[in-house]
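> Need the 3D shape of this:
(chains A and B)
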Protein chains: 2
Amino acid sequence: MVRVALIGTSMISHQFVESSRRVPGIQLAGVLSRDADRAAAVAQQIGAPQSWSDIEEMLASPDVDAVYVASPNSLHHAQCRAALQAGKHVLVEKPAVTTAAEFMELIALAESQGVVLFEGMRNAHDPGMALVRELLPQVGTVRRVSFEYAQRSSRYDQVLAGEQVNIFDPEMAGGALNDLGVYCVSALVDLFGPPEHVAAQQVVVASGTDGSGVALMRYPGFVADVSWSKITASSRPSQIEGELGTITIDRIGEPRRVGLQLLGADPLEYEVDGADETGAFIGNMHLEMARFVELVDGAASAEVDQLRTVQTLRVLEAIRAACGSASGG
Amino acid sequence: MVRVALIGTSMISHQFVESSRRVPGIQLAGVLSRDADRAAAVAQQIGAPQSWSDIEEMLASPDVDAVYVASPNSLHHAQCRAALQAGKHVLVEKPAVTTAAEFMELIALAESQGVVLFEGMRNAHDPGMALVRELLPQVGTVRRVSFEYAQRSSRYDQVLAGEQVNIFDPEMAGGALNDLGVYCVSALVDLFGPPEHVAAQQVVVASGTDGSGVALMRYPGFVADVSWSKITASSRPSQIEGELGTITIDRIGEPRRVGLQLLGADPLEYEVDGADETGAFIGNMHLEMARFVELVDGAASAEVDQLRTVQTLRVLEAIRAACGSASGG
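Numbers count the residues shown, from 1 in each chain, chains lettered A, B, ... in the order given. The predicted structure is shown next:
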């Protein structure tokens, strides 16, 4: 049983609690928030036995085996380091940190401490992406990959009203690339490895982060583009085009309908099960959590996952550099 | 009545003949082909009164008011110049020529000769694009434009078999950007003007032209990407994303279903009529021909159309330069 303390009390933390009910090996140890009252209130709300407002106090607790870092992105690095130094396993929300170098430093620390460092990248563990990988050989030589994740955020209205919100705050390493584009980039490097060249353009919103953007990448024999937006909406599928056919993916963060259109054949559509026994939609966060438990239990090595994170962070850095934007926002 | 001689006997010439039946002001004067027998055979097939194998002879004919240049792209410039010098109006298939400078030279020549120079860009005259322009203000501040045209060519199988075909022949200025990407670029500059910056990547096929590619462009306040392919297929719509909604365009070369999804509203779909009185699908080539007749009749100025062509050719040049490929192929 892995006893996990939550760092952060945003919506994603509540999703974590909900998803943890589906993962037998996880138990909630408590909640950390800078605001002690808020920490206590959330702990009560989610049925966690403890709450803390001081990270060192939490990390000193023998009742905590691991932390789930779901704070604003800019805080991830210091919190991960503190947790690893305290000998705790770490599950950190995407993007884990701002640069590949930071993550490699944390990998080394985790190794020296004999604990697990693992980034929560939901789609990497989704059966929909496994299906895409399985179908890939059928489309022949890949010539174009186009992954997109555009979902207009209601919090963008707050930005338009002149308010500062974490997810659009450059000080918090917010922005659409970090929040949504990262899923596209991670899926891309997971399937095809790192690109040879990256160009990118972004739209900067009033709060100072990107609101949307597109990156263009060269691979041997094909071209890939990824796009992301929290200020506009798109319902187009992501797509992999080969010389013999095209694979469509309804949502790159959580593929539930995968299409296969082979040259001269009838289109096929595969449904990916994403519901529980009652038919309720359950998302895919529990899958990354199950993977984390597997790693903590020593049943698998974190290397593959860590490599994906490092390669993803390198591409994010290249995209930011191409856009001329500061790191992490 | 404008009496038009066809230069070229490829499929597009036959479409021209078919479409000319819907344009009252156009009459077929004859067919030019380097191969006299082929010219005669096609003339008979399409019911044209004359055929020629020598362009000077054709241009000397008092029965020819205008030419329709539908030869391989690399021949357009010399043939357009010869026709304009002979005082003939010119309708030239897209892309008109290889560079903006070449087209501007032809514009000057047309002006000095008092004749019309006009590039056949089907979608520029399509009611579907007019509808898109009309809907555009509803989506608010535009943040992303993504136009794509990917249609796998059966002639690519010939390339794979080691044959050389005009449309994939660099000597003929073939390739997917010139054949399909040009529709995306033209629609983009028609709606939004020239971009501030262009990056691009392409896939080169065995015959030496591009087979597919993607260009990424910066505009003030938004990012645009256009993509094209003759070696893969896509049925994704083209798209314009604004802060208040998204417009989808089923086919950028010939929009027949235009979608409008406004924030928080039910999706709307507009059907654009593309059939004749019998319900048969008639395409949109007759619309560019009707425009040509209008210009020849002096009922409108060709300036807007010529500016679109010049701006489109400039972007094509920038894309080729970004890809490091030779001009026109």
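> Run the chain-centre distance for the helix or strand bottoming out on mean pLDDT in chain A.
Least confident element among the helices and strands of chain A, by mean pLDDT, DSSP states H and E: helix A:11-20 (a mean of 86). Put simply, helix A:11-20 sits 14 Å off its chain's centre (C-alpha atoms, centre = their mean, to the nearest Å).
> what do you get for stretch A:207-226?
The answer for stretch A:207-226 is 17 Å, by C-alpha atoms, centre = their mean.
> Does A:Val2 touch A:Asp65 like I think?
Yes: contact criterion C-beta atoms under 8 Å: A:Val2 and A:Asp65 qualify, at 5.1 Å. Glycine gets a C-beta too; all of them are placed from N, C-alpha and C.
> joint contacts of these two?
Taking C-beta atoms under 8 Å, 6 or more residues apart in numbering or on different chains as the contact rule, A:Val2 and A:Asp65 both touch A:89, A:296.
> In contact with A:Asp179, which residues?
Contacts of A:Asp179 by C-beta under 8 Å, 6+ apart are A:167, A:228, A:230.
> Once you drop chain neighbours, what's closest to A:Gly114?
In this structure, A:Gly114 finds its nearest non-sequential neighbour in A:Gly87, 7.8 Å apart by C-beta to C-beta, 6 or more residues apart in numbering or on different chains.
> what do you get for A:Ala40?
A:Ser51 (4.6 Å).
> what about that neighbour, neighbour count?
Under the neighbour criterion other C-beta atoms under 10 Å in any protein chain shown, A:Ser51 is assigned a count of 22.
> Strands of chain A, start to end?
In chain A, the segments counted as strands under DSSP state E are A:2-7, A:26-32, A:50-52, A:66-69, A:89-93, A:117-120, A:142-150, A:197-204, A:210-219, A:222-229, A:238-242, A:245-249, A:257-262, A:268-271.
> in its sheet, what does the shortest one sit against?
What it means is strand A:50-52. strand A:26-32 (parallel) (DSSP bridges).
> Buried residues, the partner strand. List them.
Neighbour counts over strand A:26-32 (16 or more other C-beta atoms under 10 Å in any protein chain shown) mark A:26, A:28-32 as buried.
> if we take those residues, which one ends up nearest to chain B?
A:Val31 (33.7 Å; C-beta to the nearest C-beta).
> Spit out the contact partners of that closest one.
Contacts for A:Val31 were tallied using C-beta under 8 Å, 6+ apart; they are A:5-6, A:9, A:13, A:39, A:42-43, A:46, A:48, A:50-52.
> nearest to chain B, of those residues?
For the contacts of A:Val31, the residue nearest chain B by C-beta to the nearest C-beta is A:Ser13; the value is 27.4 Å.
> Quick check: that closest one vs A:Ala70, distance?
The gap separating A:Ser13 from A:Ala70 is 5 Å, by C-beta to C-beta, to the nearest Å.
> more crowded one of those two?
A:Ala70 (23 against 20).
> Wait, that one touches A:Leu6, no?
Yes: counting by C-beta under 8 Å, A:Ala70 touches A:Leu6, with 6.6 Å between them.
> who touches A:Arg314 in this structure?
Counted by C-beta under 8 Å, 6+ apart, A:Arg314 has contacts A:100, A:194.
> again, only this time at 6 Å
A:Ala100 (C-beta atoms under 6 Å, 6 or more residues apart in numbering or on different chains).
> Any idea how many residues pack against A:Ala321?
When counting by other C-beta under 10 Å, one arrives at 12 neighbours for A:Ala321.
> same deal with A:Pro62?
Using other C-beta under 10 Å, A:Pro62 is surrounded by 6 other residues.
> Could I get the contacting residues of it?
Going by C-beta under 6 Å, 6+ apart, A:Pro62 touches no other residue.
> redo that, cut-off 10 Å
Shown in contact with A:Pro62 (C-beta atoms under 10 Å, 6 or more residues apart in numbering or on different chains): A:Arg3.
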